[in-house]
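> need coordinates for the following:
(chains A and B)
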Number of protein chains: 2
Amino acid sequence: MLSEFDLIAEYFNRPRPVRATLGIGDDCALLTPGAGMQTAISSDMLVEGRHFFAGADPRRLGHKSLAVNLSDLAAMGARPVGFTLALALPSAERAWLAEFSAGLFALADAHGCELIGGDTTKGPLNICITIFGELAPGEALRRDAAQPGDDIWISGTLGDARLALAACLREPGAGEELARGEDFAAAAARLHAPTPRVALGRLLAERRIAHAAIDISDGLVGDIGHILKLSRVGATLDVDALPAGPVLSRYAQEWRRAYTAAGGDDYELCFTAPATQREAVLAAGVQSGTAVTRVGRIEAEPGLRLVDAQGAPLALALQGFDHFGSA
Amino acid sequence: MLSEFDLIAEYFNRPRPVRATLGIGDDCALLTPGAGMQTAISSDMLVEGRHFFAGADPRRLGHKSLAVNLSDLAAMGARPVGFTLALALPSAERAWLAEFSAGLFALADAHGCELIGGDTTKGPLNICITIFGELAPGEALRRDAAQPGDDIWISGTLGDARLALAACLREPGAGEELARGEDFAAAAARLHAPTPRVALGRLLAERRIAHAAIDISDGLVGDIGHILKLSRVGATLDVDALPAGPVLSRYAQEWRRAYTAAGGDDYELCFTAPATQREAVLAAGVQSGTAVTRVGRIEAEPGLRLVDAQGAPLALALQGFDHFGSA
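Numbering: from 1, shown residues only, chains lettered A, B, ... in the order given. This next block holds a predicted model:
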């Protein structure tokens, strides 16, 4: 049986920290922020059976645990610096730990984001990461900063993750159809190994292109609602303009609309920017290798209005994901 | 049923942040560190059945969850700034949340430490707090900074928490004795509501009195071992000089020795300071209202030597707590 200290030494203790002044092994880690810089901080807790299935592939789980946190930094426009990992495990299994840490560190290294501390304990599988990023004052893409007249943009594509979940749960309709088909693996990759849009978020913030941003984790309609509420504005969203994932694109309109508008687990950015910044948004998309699609408009009138390609009102029965709901 | 957003709004959303530039409600919180200051960061995860009993008093649990993190800042000598709270709950019970948040915020307010963000989800009860403190470069009380000739000091008293645990578990000997006696409540308060030594730690760091420090969570002998290993030194510890808690003081020597030397859950500071700083240590103890006791000496020779009041070697069968061990 691995002890707690062996476990940390073998799987989580890495060479001397580069970004942190002091890393793993003391009572606290020490970060020395750049002169005049702000620190962006976010915490996400992933629970077995709630955020991932029991028996989930540990390498993908390591990736996803950090990806959802990097996605929060991306939505703020912050540059990743480091993270802490608190991990409750039913038992310390070498094979699981080797895969989990490999997935975690592959993504961390790709973003120059350093593990600086944490905690390990025995308990029902639970992964809690707190991530730290850096940005200059005034750069942050806040939820309360959308302005009437802003365009609404979406990065990448939406809905393939929700489609994969529907297949995993054998939900009637598109879910069952995907479960029987050949595209399951492609959609499942979006569910289990999301790509945080860190480079795009950073460009949008650094160049002061965007006003407001949020990452789409609980479904676009619910998540954009946070921007509207905090910015005290409304919006019209062209549901048929929402960029469906490559797998979902081949499904019927009702599923495309439902899963792009309120799928969840997309980890794309929804951001607003003045119409004068359209060229700048497109350039940031190209430079960061991220597709960007304009899907609506922020308006002074409160409320979210969903319309189809012809501009006619759409009444979709949609709601965001609530972690204490029955969903 | 409380939704996730109602739960946060009702129990965890507090008035506009004072320390943080941006608090709860966005993708990230924003901290603006003082000019030239470092950020100290620590994470602790508390799991039901492992760190506290099922059905634990929620007010004390709120206190303890933050106290163990504040204790890490104390051991670094940092001034508390803020924390994130990630909480997995089997269900969102108003009575539990009201008590838990009351205990949490009472301690947070006492230390000017602000809740700046976090996460809530459904799942087996798990409390993960990441805490942030501030200190000037060079102030940090690091584990690798003990020097031969340093005195070893302990704050407060040791062992009452371990004695209370023994009573809760009906362990033969002192535990059974306490369970039958009238002092259980006094000892249990040390187990369930520890006092983090923030003010003392801050003085030791700010005035450059101490070299190295650690907080005692897994038992003194195990925890001081981290200082010895990282500082590449040894030590002699006078076990009979260890300050036993007021309840434990009335128990037989064998229990006093065992529970002060390797009890666990004390959340006192063990720190080292040059002999020239003895008056300064005592003054810092007085000013912070914390007893301080000199219990040994750092030596160049590796290893930890336990001795009795006469200086004779003691062979105690002790070991620190391992979160993946059978304890």
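> pick out the residue in the stretch 101-250 of chain A sitting closest to chain B.
At 3.4 Å from chain B, residue A:123 is the closest residue in the stretch 101-250 of chain A, using CB to the nearest CB. Quick note: C-beta positions are derived from backbone N, CA and C, even for glycine.
> now the element after the lowest-mean-pLDDT helix or strand in chain A, going C-ward?
One helix or strand of chain A scores below all others by mean pLDDT, DSSP states H and E: helix A:4-7, with a mean of 76. Sequence order places strand A:29-31 as the next helix or strand after helix A:4-7, per DSSP states H and E.
> packing partners for that next one?
Using 3 or more CB pairs under 8 Å, 6 or more residues apart in numbering or on different chains; DSSP states H and E, the elements in contact with strand A:29-31 are strand A:79-89, strand A:114-122, strand B:38-47.
> strand partners of the helix or strand following the shortest one, parallel vs antiparallel please.
Elements were assigned by DSSP H and E; along the chain past strand A:114-122, the next helix or strand is strand A:126-135. Here strand A:126-135 is paired, per DSSP bridges, with strand A:38-47 (antiparallel), strand A:79-89 (antiparallel).
> let me see the contact set for residue A:247.
A:160, A:163-164, A:178, A:183, A:186-187 (CB atoms under 8 Å, 6 or more residues apart in numbering or on different chains).
> relative to residue B:284, which of these is nearest.
Nearest to residue B:284, judged by CB to CB, of the contacts of residue A:247 is residue A:164 at 58.2 Å.
> sheet partners, orientation included, of the host helix or strand of residue A:272?
Assessed by DSSP H and E, residue A:272 sits inside strand A:268-273. With DSSP bridges as the test, strand A:268-273 is paired with strand A:151-155 (antiparallel), strand A:212-216 (antiparallel).
> quick one: distance of the first one to the chain centre.
Right, strand A:151-155. Taking CA atoms, centre = their mean, to the nearest Å, one finds the center of strand A:151-155 at 15 Å from the center of the full chain.
> tally of neighbours for the residue of the stretch 101-250 of chain A closest to chain B?
21 (other CB atoms under 10 Å in any protein chain shown).
> isn't it up against residue B:47?
Yes - the pair formed by residue A:123 and residue B:47 meets the contact definition of CB atoms under 8 Å, at 3.4 Å.
> so for these two, which residues contact both of them?
Taking CB under 8 Å, 6+ apart as the criterion, residue A:123 and residue B:47 both touch A:88, B:124, B:126.
> would you turn these into TSV with neighbour count, distance to residue B:5 and pLDDT?
Below are the shared contacts of residue A:123 and residue B:47 laid out as TSV (neighbours: other CB atoms under 10 Å in any protein chain shown; distance: CB to CB, whole Å; pLDDT from 0 to 100):
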residue	neighbour count	distance to residue B:5	pLDDT
A:88	25	25	95
B:124	19	22	95
B:126	25	20	97
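> ok, so of the residues you listed, who is nearest residue B:30?
Distances from residue B:30 to these, taken by CB to CB, are shortest for residue B:126, at 26.1 Å.
> ok, the closest residue to that closest one other than its chain neighbours - contacts?
Spatially, and ignoring its direct neighbours in sequence, residue B:126 is nearest to residue B:88 (4.2 Å; CB to CB, 6 or more residues apart in numbering or on different chains). By CB under 8 Å, 6+ apart, residue B:88 lies in contact with A:45, A:47, A:126, B:120-127.
> what does residue A:204 give?
By CB under 8 Å, 6+ apart, the contact list for residue A:204 reads A:77, A:141, A:210, A:213, A:269, A:271, A:273, A:281, A:284.
> closest one of those to residue B:198?
When the contacts of residue A:204 are ranked by distance to residue B:198 (CB to CB), residue A:77 comes first, at 33.5 Å.
> what is the neighbour count of that closest one?
Applying other CB under 10 Å, we find 31 residues neighbouring residue A:77.
> ditto for residue A:94
11.
> pretty sure it contacts residue A:2?
Yes - counting by CB under 8 Å, residue A:94 touches residue A:2, with 6.9 Å between them.
> which residues are common contacts for these two?
Joint contacts of residue A:94 and residue A:2 (CB under 8 Å, 6+ apart) are residue A:10.
> out of everything not next to it in sequence, what's closest to residue A:7?
residue A:92 (5.1 Å).
> and the pLDDT at the one you found?
Note for residue A:92: predicted pLDDT of 85.
> so which of the strands paired with strand A:126-135 gets nearest residue B:98?
Closest to residue B:98 of the strands paired with strand A:126-135 is strand A:38-47 (CB to CB; 21.3 Å).
> quick one, the closest one and strand B:114-122 angle?
20 degrees (axes from the mean of the first three to the mean of the last three CA atoms, to 10 degrees).
> just checking, next helix/strand downstream of strand A:38-47?
Following strand A:38-47 toward the C-terminus (DSSP H and E): helix A:58-76.
> what's that following helix packed up against?
Judged by 3+ CB pairs under 8 Å, 6+ apart, helix A:58-76 is in contact with strand A:38-47, strand A:79-89, helix A:94-110, strand A:126-135, helix A:184-192, helix A:198-206, strand A:212-216.
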